[in-house]
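Visitor: quick check, what structure comes out for this input:
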Amino acid sequence: MHFSDADIVGAKLIDPNPHQDDRGRFLRAWCSREFADHGINFSPVQANMGFSKQKGTVRGMHFQDAPALEAKLVRCTRGAIFDVVLDLRPESPSYGKWYGVELSSENGRMLYVPEQCAHGYQTLEDRTEMYYMTSEFYTPSAVRGVRFDDPAFNIRWPLAATVASEQDRNWPLINR
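Guide: Take a look at the predicted model:
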């Protein structure tokens with residue numbers, strides 16, 4: 001795997017190094033040794049999958065608050081997504097900034113989202129599926145979010161939002 005820094009402190013873009021032959025390809029999706037070698041202390045405890053029927057669907061921006069802080073490792077397994085990490089750590093040099101990248105089943109890329117950063121994505125194709133691992137169990141009492149269209153962050157989604165949940169449309173706006 002090839003690790004590169006994203007514009008958010010601690011976030012990493014991870015490109016696979018696939019083995020390809022007549023059968024197709026094989027790639028490593030996670031390796032604790034490789035992650036540790038790149039300064040990432042990530043031990044997944046839960047894996048989740050999301051499926052969106054319609055292109056333009058937005059999910060996010062979600063995170064978990066203390067005591068259930070979670071990091072995420074996100075990949076797209078069918079179709080394509082524009083994946084976004086938003087830094088919500090007041091002490092971070094990249095506080096309030098966001099980083100977005102296309103993840104697809106074709107490119108095999110992954111995005112590592114550090115604790116205390118919100119995560120969301122928009123589907124770029126119909127029938128898109130994503131898969132992510134977390135460093136903490138889902139804890140409903142710790143779930144938080146910010147609006148995907150909050151002008152305080154000005155996330156530039158590639159498409160108009162066609163579908164978003166009521167919860168994602170109603171997170172409070174942030175005053176910065």
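Visitor: could you use CA atoms for every contact and neighbour count after this?
Guide: Will do.
Visitor: give me the below-cutoff pLDDT ranges for the protein.
Guide: Across the chain, residues meeting the criterion (pLDDT under 70) sit at 176.
Visitor: where exactly do the helices run in it?
Guide: 32-37, 166-170 (DSSP state H).
Visitor: so what does residue 16 have for phi and psi?
Guide: Phi and psi for residue 16, reported as degrees, to the nearest 10, are phi -80, psi 160.
Visitor: show the contacting residues for it.
Guide: 1-2, 27-29, 108-109 (C-alpha atoms under 8 Å, 6 or more residues apart in numbering).
Visitor: how far away is it from residue 80?
Guide: Separation of residue 16 from residue 80 (C-alpha to C-alpha, to the nearest Å) stands at 16 Å.
Visitor: hmm, back to that, buried subset of the contacts of residue 16, written for ChimeraX?
Guide: A single ChimeraX command is used to select the members of those judged buried by 16 or more other C-alpha atoms under 10 Å:
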select :1,29,108,109
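Visitor: can you redo the contacts of residue 16 as CSV with distance to residue 54?
Guide: Formatted as CSV, the contacts of residue 16 follow (distance: C-alpha to C-alpha, whole Å):
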residue, distance to residue 54
1, 31
2, 31
27, 28
28, 29
29, 26
108, 21
109, 21
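Visitor: out of the contacts of residue 16, which are inside strands?
Guide: Among the contacts of residue 16, DSSP state E puts residue 2 in strands.
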